[in-house]
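Peer 1: return a 3D structure for these sequence lines:
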Amino acid sequence: MKRVDFPTLILVTIVTLLIWLLAEDLTRQESTLRSAGVAFAVADPDRFAVEPDRVEVTLAVGGSNRSVSSLREIVENEALTIGLEAREGTVSIDDLAKRLNDLPAVSKTGVKILSVQSPTRTIKITELEELTAPVRPRLPEGSLVQDPVVSQKEARVILPRREAARLPENLTLEAVVDPKDMQHLEPGDAKTVDAIIKLPEEFASMQDVTIIPADARVSFRLVSRYSSVDLDKVYVQVQVNPATAEAFRITLPEPVLRNVQVETSTELAAQLEPGPDGEPPAARVVAVLPLSNLELERGLESKPVAYFMALLPDGTGQEVTASVNGDAHPSIQISVEATPAPATPETP
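Peer 2: Predicted structure coming up:
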């Protein structure tokens, strides 16, 4: 029996395995890499914004098994970054595959990117400007507070340069307190609440604005809180000198004002609302229209309301702030007629 040459057999096996591995490595294939991240960047990212700054694409690639695996590992862990010129404007990229092939991260793998799904991209580059502005508190309308203090004295504003040109030189940001954070506070309370730092309302429509930091804390002592009440109708109350009241007949073609907005304390506002079971309000508002003797004698035809008054359950009155479509003194039409004097009986 012939003896087996084990050393030769082992050597042949190793050589065969190496040849197989080499062939496997050199064999070229085409493959698809999905959800590959591609980033767009400029040399000065603090001064320019890129939109979009990242997209996901599907790549059709060709190369050896090893090289394709290397590229797959790269795109699974990081985005392929394409550099753009730092200049405001729109950049159209219609050769995305070529730009990706030119990247060192791709070329060193030996892979060739054959095509890119959606090979054309439009990139918007915006030049930015950074400003620093003081921050003041802005509390909900109807809240009277003492000693409001904002934790953030200043904030940075980053926005497009073209938008920055619209801002005033003495720009002041506002730490805006949500009305919901004030609802359960009682007058006299010293509180600190969260606020969002924003541009003033007249610049609220500006886009692509970043404020750093975005939040602040506002501390204050609540003195009083006001609420807004919409009343469907408010009667006009005419006031005249009692001594001359019988000498004139005064009529109002429209004795009721409609859709009256009242701003008052939360306590009084609650009394102007119907009860939970439909009970009539405990207080009501009237529009006061005083008429002088001279106005009556002249036959005045219209006059603005002097003020609005809330008639309280205890019989007293309290002047309130009210308006009709923003008009605090709506005009009232008046009809004034002199009353004939009673006949004097003849003396026999």
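
Peer 1: check which residues of the stretch of helix or strand V288 belongs to are buried.
Peer 2: Of the helices and strands defined by DSSP states H and E, V288 is found in strand 284-290. Within strand 284-290, the residues that count as buried by 16 or more other C-beta atoms under 10 Å are 284-287, 289. Any C-beta I mention is one placed from the backbone N, CA and C, and that applies to glycine too.

Peer 1: go on, stretch 60-68?
Peer 2: 61, 63-64, 67-68.

Peer 1: for stretch 200-215, same thing?
Peer 2: Neighbour counts over stretch 200-215 (16+ other C-beta under 10 Å) mark 203, 211 as buried.

Peer 1: start to end distance for it?
Peer 2: 15 Å (C-alpha to C-alpha, to the nearest Å).

Peer 1: please work out the average pLDDT along that stretch.
Peer 2: For stretch 200-215, mean pLDDT is 92.

Peer 1: and what of stretch 301-315?
Peer 2: Per-residue scores along stretch 301-315 average to 94.

Peer 1: show me the helices in the stretch 151-300 of the chain, by range?
Peer 2: Per DSSP state H, counting those that start in this stretch, the stretch 151-300 of the chain carries helices over the ranges 161-164, 266-272, 293-297.

Peer 1: distance between the ends of stretch 194-208?
Peer 2: End-to-end distance (C-alpha to C-alpha), stretch 194-208: 23 Å.

Peer 1: same deal with stretch 319-328?
Peer 2: Span of stretch 319-328 from end to end, C-alpha to C-alpha: 13 Å.

Peer 1: and for stretch 265-285?
Peer 2: 14 Å.

Peer 1: for that stretch, the averaged confidence score.
Peer 2: Per-residue pLDDT over stretch 265-285 has a mean of 87.

Peer 1: now do the same end-to-end measure for stretch 204-224.
Peer 2: 28 Å.

Peer 1: now stretch 172-192
Peer 2: 21 Å.

Peer 1: which residues does it contact?
Peer 2: 133-140, 143, 150, 152, 155, 157, 193-200, 211, 216-225 (C-beta atoms under 8 Å, 6 or more residues apart in numbering).

Peer 1: among the buried residues of strand 284-290, which one lies nearest to V38?
Peer 2: For the buried residues of strand 284-290, the residue nearest V38 by C-beta to C-beta is V285; the value is 65.0 Å.

Peer 1: beta partners of that closest one?
Peer 2: Judged by DSSP bridges, the bridge partners of V285 are A310.

Peer 1: residues contacting it?
Peer 2: 231, 234, 260, 262, 272, 308-311, 320, 322.

Peer 1: any idea which strand is longest in the protein?
Peer 2: When the chain is parsed with DSSP state E, its longest strand is strand 215-239.

Peer 1: wait, doesn't S107 sit right on N101?
Peer 2: Yes: judged on C-beta atoms under 8 Å, S107 makes contact with N101 at a distance of 6.7 Å.

Peer 1: ok, these two, which is more surrounded?
Peer 2: N101 (15 against 12; other C-beta atoms under 10 Å).

Peer 1: ok, now how distant is the more buried one from G63?
Peer 2: Between N101 and G63 the computed distance is 11 Å (C-beta to C-beta, to the nearest Å).

Peer 1: can I get the host helix or strand of A133 in CSV? Just the C-alpha atoms.
Peer 2: Assigned by DSSP H and E, A133 belongs to strand 121-138. C-alpha atoms of strand 121-138 as CSV (Å, rounded to 0.1, in the frame of the first residue of the first chain):
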residue,chain,number,x,y,z
ARG,A,121,-30.3,67.7,-7.4
THR,A,122,-31.0,71.3,-6.7
ILE,A,123,-29.3,72.7,-3.7
LYS,A,124,-30.1,76.1,-2.1
ILE,A,125,-27.2,78.0,-0.4
THR,A,126,-28.1,80.9,1.9
GLU,A,127,-25.7,83.4,3.4
LEU,A,128,-26.4,83.9,7.1
GLU,A,129,-25.9,86.7,9.5
GLU,A,130,-25.6,86.5,13.3
LEU,A,131,-26.9,89.2,15.6
THR,A,132,-27.0,89.6,19.4
ALA,A,133,-30.0,91.3,20.9
PRO,A,134,-31.3,91.9,24.4
VAL,A,135,-34.4,89.9,25.6
ARG,A,136,-37.4,91.4,27.4
PRO,A,137,-40.5,89.6,28.8
ARG,A,138,-43.8,89.5,27.0
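
Peer 1: noted, bye for now.
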